[in-house]
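Student: coordinates only, no sequence provided:
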């Protein structure tokens, strides 16, 4: 048998084998239903927004993932080109699997005697996400059938959208919108080229390329993505050069614990009873995020200062008097600080009103009994008869200061003169005011 004859025979055998594979694939696709997971929306994170629609906090979904859906129209124009360069340059030209990539990967594996490169398309990766498979030949075949089934049922835009919303972009991060908010504190529509290339580099190995484990590895992969974009004509040389020169910076939203009490109070219904027992994905508040962050910063500084005087707790609430809107809410400077009882919500903790009543006592006395700031009040032993028996008020320092003017009694928060004044006008009038 001549060499030509042998080559012809081998070619016929290869064609026959390929035809058999295609027939088996067609039968497998016909027997493969559209994944059930595709019809069910994945669990979504809860977004808490400020009065201007800015994100205060994104809370994990019930499955422990940070997840938020978006649309292709609401993405940065760099996301899809970067994704195609990173994962599937022939995405628009294949039916769910890339025969050329598979052949190249097979030859490389035979030559190197190990797996050198993958051949999975974006559609196959989506199939693997929707229908997890064992790492076996049978599992790979099923993945291939599911991928072709997806291509037959969805448009390319739909496949891209499902991929970008469902695959992992880091540990416990599902979808590019959540990844963008988590790593860069911005929506995916605002990503620049360098940021988009970094994010689409992660799904190849969500743990391996996790930016929080170190930026060097994901930075090298980002630059390879940029080189592929340039080679494929998906970005100009000067734009790619500028993106390569951009350092990888994570702009993580502050996790200081300053708004934990606010978030928990809202979602539990404590601060918003109308939400109790309801499931929400987006919660709009009256809080001003800029003011909230300023209050958090000032509270941490004040807590450090007050600690030198023995104080260990601090709470702040800012209210618009005209509307009643809560603009900032801080239960404690640091929710996680156990030694300062940080999980106690000081903004709504029950306590005795104490000296907060004294201005009302004196205001009532000025209105009803012609007191003035110069009125002399007795800071002397005083005994009153009440329904519960005899009551003898004491000052905080345990001393009596003799006759004092009202202004001094109020400025020094003396208890005995305030009780005397309240008794003169009557407690009911004070409470009415």
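Tutor: Perfect, I can see it now. Everything quoted here is computed from the prediction, not taken from an experiment.
Student: got the contact list for the helix or strand harbouring residue 160?
Tutor: In this structure, residue 160 is located in helix 156-166 according to DSSP states H and E. For helix 156-166, the surrounding residues in contact (C-beta atoms under 8 Å, 6 or more residues apart in numbering) are 38, 42, 69-72, 75, 79-80, 83, 91-92, 122-123, 125-126, 129-130, 150-151, 154, 174-177. Glycine gets a C-beta too; all of them are placed from N, C-alpha and C.
Student: run the last query once more with 6 Å
Tutor: 69, 72, 92, 122, 123, 126, 129, 175, 176 (C-beta atoms under 6 Å, 6 or more residues apart in numbering).
Student: what does stretch 323-342 give?
Tutor: Counting by C-beta under 6 Å, 6+ apart, the neighbours of stretch 323-342 from elsewhere in the structure are 257-258, 260-262, 286, 288, 291-292, 295, 299-300, 303, 312, 314-320, 343, 345-347.
Student: one more: stretch 287-304?
Tutor: 50, 51, 54, 56, 258, 314, 316, 327, 328, 330, 333.
Student: I figured the second one was touching residue 286, is that so?
Tutor: Yes: at 5.3 Å, residue 51 and residue 286 qualify as touching, with contact defined as C-beta atoms under 6 Å.
Student: buried subset of the contacts of helix 156-166?
Tutor: Among these, those classed as buried by 16 or more other C-beta atoms under 10 Å are 69, 122, 123, 126, 129, 175, 176.
Student: now the third one: which helix or strand?
Tutor: Looking back up the chat, that one is residue 123. helix 122-130.
Student: end to end on stretch 299-315, go ahead and measure it.
Tutor: Between the opening and closing residues of stretch 299-315 there is a gap of 8 Å (C-alpha to C-alpha, to the nearest Å).
Student: show me which positions of it end up buried.
Tutor: Within stretch 299-315, the residues that count as buried by 16+ other C-beta under 10 Å are 299, 300, 303, 314, 315.
Student: off-centre distance for it?
Tutor: 28 Å (C-alpha atoms, centre = their mean, to the nearest Å).
Student: all strands of the stretch 101-250 of the chain, in order?
Tutor: With DSSP state E, counting those that start in this stretch as the criterion, the stretch 101-250 of the chain has strands at 173-174.
Student: show me where it has its helices.
Tutor: 122-130, 137-153, 156-166, 176-184, 193-201, 215-231, 237-245 (DSSP state H, counting those that start in this stretch).
Student: looking at this structure, which helix or strand does the model trust least?
Tutor: The helix or strand of the chain with the lowest confidence, counting by mean pLDDT, DSSP states H and E, is helix 3-30 at a mean of 53.
Student: in whatever helix or strand comes next after that helix, what counts as buried?
Tutor: Counting by DSSP H and E, the element after helix 3-30 in chain order, helix or strand, is helix 36-39. Of the residues in helix 36-39, those with enough neighbours to count as buried (16+ other C-beta under 10 Å) are residue 38.
Student: contacts for helix 36-39, please.
Tutor: By C-beta under 6 Å, 6+ apart, the residues outside helix 36-39 that reach it are residue 130.
Student: what is the rounded mean pLDDT of that helix?
Tutor: Predicted confidence along helix 36-39 averages 70 (mean pLDDT).
Student: thanks a lot, see you next time.
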